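1. attaching a predicted model along with its sequence, questions to come.
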Amino acid sequence: MAVSIESTLILQMSAAYNAHFMQSSNAGEALMHMMETCNSLHPKLKTINPKEVLVLLSSGKSFTSRAQLRKFAVDVIVYLVGDVVGSKYSHTELIEATEQKVTA
């Protein structure tokens with residue numbers, strides 16, 4: 001993925017999530033923090049409600065392992081970049097780029 005708004009958003013969102021998760025070990029809290037701190041990165045992100053995003057994407061899911069939490073974090077970032085902001089990249093490309101950056 002070339003340097004683009006998508007790659008910049010993925011990099012900054014992943015860094016915010018990773019840093020907060022490493023401090024708190026709470027994925028939900030880290031995702032909330034990430035969405036609150038990154039809402040100024042793009043005009044379309046200002047309109048999201050972090051709690052609603054988490055409820056929407058976690059509906060019917062349970063998370064029992066760190067790997068599942070990591071995948072959920074990737075799903076949230078891909079949703080924000082692909083569906084909220086809009087992307088010229090495919091869903092698969094966004095997932096691949098995001099998986100490389102979400103390390104926590």
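-> Cool, got the structure.

2. what segments of this structure are helices?
-> 5-24, 27-38, 50-58, 66-78, 91-101 (DSSP state H).

3. out of those, nearest to residue 84?
-> helix 50-58 (8.3 Å; CB to CB). Placement of C-beta: from N, CA and C, glycine included.

4. just how off-centre is the closest one within its chain?
-> Relative to its chain's centre, helix 50-58 lies at 11 Å (CA atoms, centre = their mean, to the nearest Å).

5. quick revisit: would you list the helices of the chain in CSV and tack on mean neighbour count?
-> As requested, those are exported to CSV (neighbours: other CB atoms under 10 Å):
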stretch, mean neighbour count
helix 5-24, 18
helix 27-38, 19
helix 50-58, 14
helix 66-78, 19
helix 91-101, 17
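
6. now those helices as a markdown table including distance to residue 44?
-> What follows is those, written out as a markdown table (distance: least, CB to CB, whole Å):
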| stretch | distance to residue 44 |
| --- | --- |
| helix 5-24 | 10 |
| helix 27-38 | 12 |
| helix 50-58 | 13 |
| helix 66-78 | 14 |
| helix 91-101 | 15 |
